[in-house]
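Q: sequence unknown, structure follows:
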């Protein structure tokens, strides 16, 4: 199979570049036509790869591309999920090369070159690995699992219509495992397989003091300033040990065993390099946990945005009427995002002084997720990585959230394997997003090994 | 004189309306032409009122309008200061009537009607009282003091070029007292004369965490979030008793005597009405002081603006690189605004945790100011108010700042009389600014009485 990949290398890249040139920005209705174009492009390539019944399934939003290859009902079935939509490219002026004209450049992390383009890593480059891996297996007659493909066009805008599609197509989507390449490995010489993801509860708060903006000279000192009050309330959301003070926040947090913590800590990590990369003199977080634990197995609370009063140039002596903040919490098993949203709302209202009025609303959320390390899906991924990279992969726990994974588990009863090949430094969602050429081909090479090991473990 | 005012009532109003229609917004360069138009308008009206040598004095910013009437060198000279520039009208959508089309409507505080327009009270309506009061005295041959007029166009943006003008024109501006109508009385049936103003130190802070915006899932919990940190720092700027914690902040604060505090508390004040007007359930401030004391004789610290992270619609899971705040302190005698600015800078840097970098810069400031109640200027104002309103005025201490007043004292050696006729509820700097028709004409009637009493006390 390696020969096949090697001899088709340039064509695989050319096809990916063609795919990346379609600006499939789901958030912006001006790109609606391009979204369809991207769906049609990937459908055509799936057919060419040898998959059957490739189809564009309309939704009330952007369409879902579905395809399958059922060779033998006795074989296990893999459902591949990914998304062909991308984040908006703004701010355009911060891109060194045009976001929809793929350009190859070397970077320190990618000495063999990386493809710079919006969606190169998240997720067009990663779903295209699956299309080419399946083509390779078909061409070499080594496809040893049935496969179903489901690529959606709304991952970057909340996957609203995918949920309906999944609920309405439970039979069609029947499988033994879900395989998703939308995450990262530690480094190109340090493979890793994620054992879980954090959940998310995203809130917005509004603090109202006086009923109108006041002159800070006339009223200052005598009337509560909602920005000062909001600051105090936010400050109180963490205690001196970096713990979140929301009542009941930790009640359902499942503590990891010493063995589990040790296995996560086995991954190489240099805190000095981490600090230097971020240009901070000190890290910060919950006492009693390491930096990596704080960013993966522990729940957090962060202000994602704050605003109030006069924020233009110069000065205005205003005592504002209102102050706002967007506050999100990353959750870990077994926290429930709806319950945490309620606990936050209750807590935030309870700590408001009588001088202000407080409104709390929810934006969205998602459940935390764990892939058991002893499941055959995780084991297959582990063995595939080990075989492809020539070394044991490191189990990691992702800090981000893919809310759809919890939905899959609930609606389809299936676990997902987070089988990504990107790097955290690939500038996802940022200007100059890129994806290593090494990573793209390593993915195409590793995916068939997953099929092989999954088949073996399934039958063993 | 009352007859003259009565018979010219409609003309006085028409002229003021014409003046208010000119959008003299000093902060916005798009209104530069209108600034000159407003200066020319007021110069023409000063000439018509009978003043001599009315002139537009160019500065490096907006011009200053000067005029004078020296009838007899043996008479005392009053220097009238005010400003023809106004605050920006934004947010426009919150105005019930167009900001530059004066509209008369009744309000609970102004049953005889109020003029709604940007600058109606601050300060075009109040300087126009002086123009019409002088016209009235000239027409009735009762002008018993020499008068000099200095109306600037940069009060709302820091009076930068007025300082130069004053320094370069010490001789021309020689006078015995400065008279300023840019403040308020307690109510239309409760006259008051301010005995002082608070000073101001206006700062801006920038807190930087990581060197770029981060994904809050990947880094959240492990890297200090500058918004959370800034909130904590702001929260710490007040202690549990509402005292400002900046080191050395209170060192030079002059405590008032019990008698002084009692005399200030003699003014009628209903805290229930105050809370109802602002729609707050509770007031708030420094322990041990009344609401009025907190807003006048005590120094304060307020956040005037805060921003950081994602503040658009919806949500973005960003751990921001930076957070900002505009923070101002109102000062009382004998705090020095430059010293306080330095103390704040030092303190704010000292409380920053090692996880962030902090920048502090000054916007502007001004010294607190006191008018001695036993001075002939204050006494003349007191007697004029008493005669016009038929009752003794209440001495008050203004919470706002007119930094130029301290400059006048330093450069010209002159005290200023704060002889304003607005109400605190007139929505200065806010949408729907207005000025009572009663207040406008009461000012025109009271100003000549100040001239009369000042002349008598000066000679007596």
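A: On my side now, so go ahead. Note that this is a predicted model, so its numbers are computed, not measured. Numbers count the residues shown, from 1 in each chain, chains lettered A, B, ... in the order given.

Q: could you list the low-pLDDT ranges of chain A?
A: Chain A contains residues with pLDDT under 70 at A:399.

Q: quick one: contacts for the one residue in the stretch 51-200 of chain A that gets nearest to chain B?
A: At 6.3 Å from chain B, residue A:198 is the closest residue in the stretch 51-200 of chain A, using Cβ to the nearest Cβ. The way it works is simple: take the backbone N, C-alpha and C, and place the C-beta from them, glycine included. Residue A:198 is in contact with A:296, A:299, A:330-332, A:368, A:397-401, B:217, counting by Cβ atoms under 8 Å, 6 or more residues apart in numbering or on different chains.

Q: so how far is residue A:430 from it?
A: To residue A:430, residue A:198 is 20 Å away according to Cβ to Cβ, to the nearest Å.

Q: just give me the neighbour total for residue A:29.
A: Neighbour count for residue A:29, taken as other Cβ atoms under 10 Å in any protein chain shown: 9.

Q: which parts of the stretch 51-200 of chain A are helices?
A: If DSSP state H, counting those that start in this stretch is used as the criterion, the helices of the stretch 51-200 of chain A fall at A:124-139, A:160-168.

Q: export the ones you listed to TSV and tack on distance to residue B:179?
A: Below are those laid out as TSV (distance: least, Cβ to Cβ, whole Å):
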stretch	distance to residue B:179
helix A:124-139	72
helix A:160-168	66
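
Q: winner for burial among these?
A: Among the helices of the stretch 51-200 of chain A, helix A:124-139 has the highest mean neighbour count (mean count of other Cβ atoms under 10 Å in any protein chain shown), at a mean of 24.

Q: from the stretch 301-450 of chain A, which residue is nearest to chain B?
A: Relative to chain B, the nearest point of the stretch 301-450 of chain A is residue A:400 (3.0 Å; Cβ to the nearest Cβ).

Q: the stretch 201-350 of chain A too?
A: Closest point on the stretch 201-350 of chain A to chain B, by Cβ to the nearest Cβ, is residue A:217, at 2.8 Å.

Q: is it true that that residue touches residue B:199?
A: No: assessed by Cβ atoms under 8 Å, residue A:217 is found out of contact with residue B:199, at 9.9 Å.

Q: mutual contacts of those two, please.
A: Residues touching both residue A:217 and residue B:199 (Cβ under 8 Å, 6+ apart) are B:330, B:401.

Q: name the residues of stretch A:204-222 that are buried.
A: Within stretch A:204-222, the residues scored as buried using 16 or more other Cβ atoms under 10 Å in any protein chain shown are A:204-210, A:212-222.

Q: among the residues you listed, which lie within strands?
A: Using DSSP state E, the subset of the buried residues of stretch A:204-222 located in strands is A:204-208, A:214-215.

Q: ok, which of those also contact chain B?
A: Among these, the ones lying near chain B by Cβ under 8 Å from any Cβ of the partner chain are A:204, A:214-215.

Q: picking that back up, distance to residue A:390 added to the ones in strands among the buried residues of stretch A:204-222, as a markdown table?
A: Listed next are these as a markdown table, based on distance: Cβ to Cβ, whole Å:
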| residue | distance to residue A:390 |
| --- | --- |
| A:204 | 48 |
| A:205 | 50 |
| A:206 | 55 |
| A:207 | 56 |
| A:208 | 61 |
| A:214 | 68 |
| A:215 | 70 |
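
Q: still on that earlier bit, got a list of what the residue of the stretch 301-450 of chain A closest to chain B touches?
A: By Cβ under 8 Å, 6+ apart, residue A:400 lies in contact with A:183, A:197-198, B:215, B:217-218, B:317.

Q: could you check which helix or strand contains it?
A: Counting by DSSP states H and E, no helix or strand carries residue A:400.

Q: check the offset of stretch A:60-68 from the chain's centre.
A: Its chain's average C-alpha position is 20 Å from that of stretch A:60-68, according to Cα atoms, centre = their mean, to the nearest Å.

Q: next: stretch A:360-370.
A: So, by Cα atoms, centre = their mean, the centroid of stretch A:360-370 is 14 Å from its chain's centroid.

Q: and if you look at stretch A:82-102?
A: Here the centre of stretch A:82-102 is set off from its chain's centre by 17 Å, with Cα atoms, centre = their mean.

Q: with stretch A:101-113 instead?
A: Distance of stretch A:101-113 from the chain centroid (Cα atoms, centre = their mean) equals 22 Å.

Q: near chain B at all, it?
A: No: Stretch A:101-113 is not in contact with chain B by Cβ under 8 Å from any Cβ; minimum separation 15.2 Å.

Q: and chain A, what are its domains?
A: Per the record, chain A has its domains at A:2-197+A:368-459, A:199-253+A:299-366, by automatic domain parsing.

Q: could I get these as JSON lines with distance to residue B:17?
A: Shown next, in JSON lines, are the domains of chain A (distance: least, Cβ to Cβ, whole Å):
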{"stretch": "domain A:2-197+A:368-459", "distance to residue B:17": "46"}
{"stretch": "domain A:199-253+A:299-366", "distance to residue B:17": "25"}
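
Q: and these: which comes nearest residue A:267?
A: Closest of the domains of chain A to residue A:267 is domain A:2-197+A:368-459, at 3.8 Å (criterion: Cβ to Cβ).
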